[in-house]
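>>> Curious how this folds, go ahead:
(one chain, ligands or ions: 4)
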Amino acid sequence: MKIKDLAGAAFPELSAQLKGVSSDIEIAGITADSRQVKPGDLFVAVAGTKANGTAYIADALSRGAAAVVAADSTDTGADVPVFGLSEPRRFLAKAAAAFYGRQPETMVAVTGTAGKTSVASFTRQIWAHSGLAAAMIGTTGVVAPGRNDYGSLTTPDPVSLHKLLKELADAGVTHAAMEASSHGLDQSRLDGVRLAAAAFTNLGRDHMDYHPTVEHYMASKMRLFSTLLPKGAPAVIFADDQWSDQAIAAARKAGQDVRTVGRKGEFLTLKRVEHFRHKQSAEVHVGDDIFEIHVPLAGDFQIANALVAAGLAMSTGISAKAAFSALEKLQGASGRLELVGHTKDGALAYVDYAHKPDALENVLTSVRPFTTGRIIVVFGCGGDRDKGKRPIMGEIATRLADVVIVTDDNPRSEVPEVIRAEIMATAKGATEIGDRAEAIRTAVGMLKSGDTLIVAGKGHEEGQTIGSVTLPFSDHEEVRKALGGL
Ligand SMILES: CC(=O)N[C@H]1[C@@H](OP(=O)(O)OP(=O)(O)OC[C@H]2O[C@@H](n3ccc(=O)[nH]c3=O)[C@H](O)[C@@H]2O)O[C@H](CO)[C@@H](O)[C@@H]1O[C@H](C)C(=O)N[C@@H](C)C(=O)N[C@H](CCC(=O)O)C(=O)O
Ligand SMILES: Nc1ncnc2c1ncn2[C@@H]1O[C@H](COP(=O)(O)OP(=O)(O)OP(=O)(O)O)[C@@H](O)[C@H]1O
Ligand SMILES: N[C@H](CCC[C@H](N)C(=O)O)C(=O)O
Ligand SMILES: [Mg+2]
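Numbers count the residues shown, from 1 in each chain. Ligands and ions are numbered 1, 2, ... in the order given. Got it, this is the predicted structure:
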């Protein structure tokens, strides 16, 4: 593809700079990582959290880059043009979209602190229930007809993302739901995606290592409405969160068709909810119609997620009736309050991905109504991530559970004992067991009839990162092994 076609109408700033021979430069590929440059590639130098890509222009050139885009145009002395653009990350996304050229025709994105993976997964399931070839892209990876790949980032970098979207479109996928993380939005990872609708779930404390303030965190999330979703497109917003009004205001300001869902929702109004052990039923009003919905999952928050997903599906052509009937067969996203097994006398063991305060609070509150005995929780906090959440989570665990075991999550480059001590500081009466497998065995061994065990923080993850090494580890497997050994 020629660089002039890549720039095209999508990036007038670059088109304006292209003249003469440089506009005919043939681009073989695009990357923002100099180490991945192959001869003929376009290297886009972006500023990151650890390094600035401009420092690697020389490296990219030595590997055969055909052109470079950076924040400033500089003369490299080499026979390769360096185009200066004010927003290289945004260009990277637009260029990747143009380079790969195709995406599933109908795409939606969901943002929020908690519930993104669940909503993306439920939306895919509702579409699939209506016979559509549907996919989801998020924390748990990629799920599409005939495809289930484990993932690493919640929102992939733009080059991987658009390569994936083309693959999905080529494989016949027409509908895709993706997660928009605050990092992804802030770093313009999905600026090249054409969205038919978008959603907001809620805002809580997370990623305060990355965002200087909560307002910055919220503003990053709001880019989904203010910058990415086209004017007039449906914006599905969960109405019962304390940040809902701000999200509604952002979407209204951007001229979108705001559709609120929840108890205060006007598009889908939640009336009555009944919680059972493994399922919930609710009454939902849609205009003048009243529906009884049944969701075969535990956890109050799953009703909220199900409504947001139904709102997205209905905003992309699915009828209310079809959306709600699909909810009856919903499968939870892997590791989201997932019942992994039970003891012989019926104590339940769940694996959950709560790794931030609100999520932990929600999950522990959700299991209380059906726990006649004790709630036992095993959790830790990841290293190299927001340290401020550790004491908050310690307090929540001891307030809402009866037995708390503090263990390791992914310590990464941090000293595990230090992370645990920061949690233990507020977790009065908690037991500390660093080895996660041993912590799970101990907790399972304590279970008596009526108890509920929550192993929180790692959900679907299949490894544990200690230092720079990731060893195979699965909470599911450890819980099953421990239950089997009883
Ligand atoms: C903090 C963060 O978001 N980092 C992501 C970001 O890296 P960065 O921009 O900070 O990179 P950097 O190391 O400062 O380097 C700057 C630039 O120089 C380039 N470089 C660097 C070295 C070199 O030799 N040559 C070179 O060209 C890099 O490729 C990069 O383009 O861009 C990279 C490429 O897209 C990502 O891989 C990387 O994710 C790291 C691995 C990460 O852990 N991210 C997490 C925090 C994350 O994004 N999480 C969110 C939210 C999760 C949730 O749901 O809660 C997610 O969407 O997954
Ligand atoms: N709507 C919700 N409100 C509050 N807590 C929720 C909600 N949905 C899920 N949770 C909690 O958050 C955890 C993660 O859920 P999910 O994976 O769907 O969210 P996410 O936004 O994708 O999270 P992440 O950013 O970590 O990928 C769940 O295991 C549960 O504990
Ligand atoms: N996407 C999140 C996942 C955190 C999961 C938790 N197990 C941890 O390692 O902290 C992050 O990278 O911050
Ligand atoms: Mg997620």
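
>>> what does the stretch 201-350 of the chain have sitting close to ligand 4?
Counting by C-beta under 5 Å from the ion, no residue of the stretch 201-350 of the chain lies close to ligand 4. All C-beta spots, glycine's among them, are computed from the backbone N, C-alpha and C.

>>> neighbours around the residue in the stretch 201-350 of the chain that ligand 4 sits nearest to, how many?
Minimum separation of the stretch 201-350 of the chain from ligand 4 (C-beta to the ion) falls at residue 333, amounting to 8.1 Å. By the measure other C-beta atoms under 10 Å, the count of residues near residue 333 is 29.

>>> show me where pLDDT drops low in the stretch 1-150 of the chain?
Counting by pLDDT under 70, the stretch 1-150 of the chain shows low-confidence ranges at 9, 20-21, 74-76.

>>> near ligand 4, which residues of it?
Taking C-beta under 5 Å from the ion as the test, the list of the stretch 1-150 of the chain residues beside ligand 4 reads 116-117, 139.

>>> and those, which of them are in helices?
Restricting those to those inside helices, with DSSP state H as the criterion, leaves 116-117.

>>> Show me which of the residues of the stretch 1-150 of the chain next to ligand 4 is closest to ligand 1.
Within these, distances to ligand 1 taken as C-beta to the nearest ligand atom reach their minimum at residue 139, with 5.5 Å.

>>> so who does that closest one touch?
For residue 139, the contacting residues are 116-117, 151, 154, 179, 353, 460, by C-beta atoms under 8 Å, 6 or more residues apart in numbering.

>>> which of those residues are close to ligand 3?
residue 154 (C-beta under 6 Å from any ligand atom).

>>> Cross the contacts of residue 139 against helices and list the overlap.
In helices, judged by DSSP H, the following of those are found: 116-117.

>>> which among the contacts of residue 139 gets closest to residue 260?
Of all these, residue 116 has the smallest distance to residue 260: 18.0 Å, by C-beta to C-beta.

>>> Can you give me the neighbour number for the closest one?
28.

>>> ok, what's across the strand from the closest residue to it other than its chain neighbours?
Distances taken as C-beta to C-beta, 6 or more residues apart in numbering place residue 179 nearest to residue 116, at 4.1 Å, with adjacent residues excluded. Each beta-bridge partner of residue 179 is listed here, defined by DSSP bridges: residue 110.

>>> so how many other residues sit close to residue 179?
By the other C-beta under 10 Å criterion, the neighbourhood of residue 179 contains 27 residues.

>>> which ones are touching it?
Listed by C-beta under 8 Å, 6+ apart, the contact partners of residue 179 are 109-111, 116-117, 120, 137-139, 154-155.

>>> Of these, which are in range of ligand 2?
Contacts with ligand 2 are made by 116-117, 139, 154 out of the contacts of residue 179, judged by C-beta under 6 Å from any ligand atom.

>>> Wait, a helix at residue 236?
No - looking at residue 236 with DSSP: H, G, I helix; E, B strand; the rest coil, it is strand, so not inside a helix.

>>> Can you give me the distance of it to residue 479?
As for residue 236, its distance to residue 479 is 34 Å (criterion: C-beta to C-beta, to the nearest Å).

>>> who has more neighbours, the two?
Neighbours per residue, other C-beta under 10 Å: of residue 236 and residue 479, the larger number sits with residue 236, 32 against 23.

>>> Next up, identify which helix or strand the residue of the stretch 201-350 of the chain found nearest ligand 2 is on.
Ranking the residues of the stretch 201-350 of the chain by distance to ligand 2 (C-beta to the nearest ligand atom) places residue 301 first, at 3.4 Å. Here residue 301, judged by DSSP states H and E, is contained in helix 300-314.

>>> List the buried residues of that helix.
Of the residues in helix 300-314, those scored as buried under the neighbour-count criterion (16 or more other C-beta atoms under 10 Å) are 301-314.

>>> again, but for stretch 192-202
Buried positions in stretch 192-202, judged by neighbour count with 16+ other C-beta under 10 Å: 192-193, 195-202.

>>> Would you check that the residue of the stretch 201-350 of the chain closest to ligand 4 makes contact with residue 117?
Yes - with contact defined as C-beta atoms under 8 Å, residue 333 and residue 117 form a contacting pair (4.8 Å).

>>> list residues touching both of the two?
residue 140.

>>> Go through the ones next to ligand 2 among the contacts of residue 179 and name the one nearest residue 407.
Of all the ones next to ligand 2 among the contacts of residue 179, residue 407 sits closest to residue 139, with 21.1 Å by C-beta to C-beta.

>>> can you give me phi and psi for that closest one?
For residue 139, the backbone dihedrals (degrees, to the nearest 10) come out as phi -50, psi -40.

>>> What of the one 3 residues further on?
As for residue 142, its main-chain torsions (degrees, to the nearest 10) stand at phi -120, psi 130.

>>> for it, which residues make a bridge with it?
Those that pair with residue 142 in a beta bridge, by DSSP bridges, are residue 137, residue 149.

>>> helix/strand/coil for the nearest residue in space to residue 284 that is not next to it in sequence?
Leaving aside its chain neighbours, residue 284 sits nearest to residue 291 (4.9 Å; criterion: C-beta to C-beta, 6+ apart). Following three-state DSSP, residue 291 is assigned to strand.

>>> What count of nearby residues applies to residue 291?
18.

>>> Could you pull up the residues touching it?
When contacts are counted by C-beta under 8 Å, 6+ apart, residue 291 is found next to 283-285, 320-321, 324.

>>> Tell me how far it lies from ligand 1.
In this structure, residue 291 lies at 31 Å from ligand 1, with C-beta to the nearest ligand atom, to the nearest Å as the measure.

>>> now do residue 148
Residue 148 sits 19 Å away from ligand 1 when distances are taken as C-beta to the nearest ligand atom.

>>> Could you do residue 107 as well?
Going from residue 107 to ligand 1 by C-beta to the nearest ligand atom gives 17 Å.

>>> One more: residue 176?
Distance check for residue 176 against ligand 1: by C-beta to the nearest ligand atom, it reads 16 Å.

>>> burial measure for that residue, as a count.
Neighbours of residue 176 using other C-beta under 10 Å come to 30.

>>> Can you tell me the element it falls in?
strand 175-179.

>>> Just want the angle from that strand to helix 300-314.
Computed with axes from the mean of the first three to the mean of the last three C-alpha atoms, to 10 degrees, the direction of strand 175-179 lies at 140 degrees from that of helix 300-314.

>>> Just the residues contacting the helix or strand following strand 175-179, thanks.
Going down the chain from strand 175-179, the next helix or strand is helix 182-186, by DSSP H and E. Outside helix 182-186, the residues that touch it by C-beta under 8 Å, 6+ apart are 111, 153-155, 189-190, 206-207, 210-211, 217, 220-221, 223-224, 228.

>>> Pretty sure residue 226 sits in a helix.
Yes - with three-state DSSP as the criterion, residue 226 is part of a helix.

>>> Which positions in the chain make contact with ligand 3?
154, 355, 382, 385, 409-410, 457-458, 461.
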